[in-house]
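Q: Provided below for reference: sequence and predicted model.
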Amino acid sequence: MNVQIRYAYFSHIGKLRRINQDNYFCQGYYHTLNTPALVAPVTGTVRISHNPVFGVFDGLGGEEKGEVAAFLAAKAASELLCGESRSEEMNQYCCEANRRIWEYRSTHGVSRMGTTAALLSFSGDMVYLCNIGDTRIYRFDGNCLQQLSQDHVIVPFPGMKGPLTQALGIAPEAGALEPYFAKGKSLPGEKYLLCSDGLTDMLTEEDITRILSKNDVCDAVRKLTEAALQRGGRDNITLSLCDIESTEGLE
């Protein structure tokens, strides 16, 4: 299958937060706790035959050590999702990442600590996804934006944001971890967006659609971030955008 993915990812602290509790995973890269923040979107291409994996993680805002939880989840992705990811492997990843975060909580005496997770894996003409919490995954076919992930939130009162019902960092013996899994066909011309709620709380789906329809992946990531900041930037903003491209006739 002569297909490649052109991707871009970025993470911004936003306008109001003291620290960035988000993290990302792309081609083995993630943000460590002692490395400088990104100053511009990171871009690249990867053959779909390499079975690439992308992820976005949002340490729970206001919680203790949310940035550590997101880091542990991203680091676990780098070690456990090594290019052969399928639904079963994603399930094993969720259990292991959850265990590592819970173990950190227990050994460091942290009362509350967790992170959302959204993962996307490509293999051949298939795409596999997994999410926990309200970090979202969208597919854009050039006209329509469709949310593929499932929000794990309690339905709120109008004008309010409901609390999460799922996150990595619960006691493993509680048996309450229920990630959402899905799979489907991926086609050249489609774009896939992973993003923390620092983006989706600031922008409507119409805003996102308009920007995706008019820009390449790098400009789209930059303009989505700028738009969220212009709307208030109340939270950390992290996103990863994948564009499925046919390479027929290019070799």
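A: Yep, it's here.

Q: Helices of the stretch 151-251 of the chain, start to end?
A: 197-200, 205-214, 217-230 (DSSP state H, counting those that start in this stretch).

Q: and if you look at the stretch 1-150 of the chain?
A: 66-80, 87-108.

Q: between the helices of the stretch 151-251 of the chain, which gets nearest to residue 155?
A: helix 197-200 (15.6 Å; Cβ to Cβ). To be clear about C-beta, it is placed using only N, CA and C from the backbone, and glycine gets the same treatment.

Q: Bridged to the residue positioned nearest the centre of the chain, which residues?
A: By Cα atoms, centre = their mean, the mean C-alpha position of the chain lies nearest to residue 56, the distance being 2.3 Å. Counting by DSSP bridges, residue 56 is bridged to residue 24, residue 118.

Q: gap between it and residue 117?
A: In this view, residue 56 and residue 117 are 8 Å apart by Cβ to Cβ, to the nearest Å.

Q: Common neighbours of these two, please.
A: residue 135 (Cβ atoms under 8 Å, 6 or more residues apart in numbering).

Q: Pretty sure residue 32 sits against residue 68.
A: No. Between residue 32 and residue 68 there is no contact under Cβ atoms under 8 Å: 11.1 Å.

Q: Please say which of these two ends up with more neighbours.
A: residue 68 (20 against 10; other Cβ atoms under 10 Å).

Q: Just give the nearest non-adjacent residue to that one, would you?
A: residue 104 (6.5 Å; Cβ to Cβ, 6 or more residues apart in numbering).

Q: What is the burial count for that neighbour?
A: Quick note: residue 104 (other Cβ under 10 Å) scores 17 neighbours.

Q: Which parts of the protein are strands?
A: Using DSSP state E, the strands assigned to the chain run over residues 3-12, 22-26, 42-47, 53-58, 117-123, 126-132, 136-140, 145-147, 180-185, 191-195, 237-246.

Q: Would you point to the one among those that's packed deepest?
A: Counting by mean count of other Cβ atoms under 10 Å, strand 53-58 has the highest mean neighbour count of the strands of the chain, with a mean of 29.

Q: Which elements pack onto that strand?
A: strand 22-26, helix 66-80, strand 117-123, strand 191-195, strand 237-246 (3 or more Cβ pairs under 8 Å, 6 or more residues apart in numbering; DSSP states H and E).

Q: out of the ones you listed, which comes closest to residue 94?
A: Per Cβ to Cβ, nearest to residue 94 of the helices and strands packed on strand 53-58: strand 117-123, 7.2 Å.

Q: got the contact list for the closest one?
A: 5, 25, 48, 51-57, 73, 77, 81, 85-86, 90, 93-94, 97, 127-133, 135-137, 149, 168, 179, 186, 192, 194, 240, 242.
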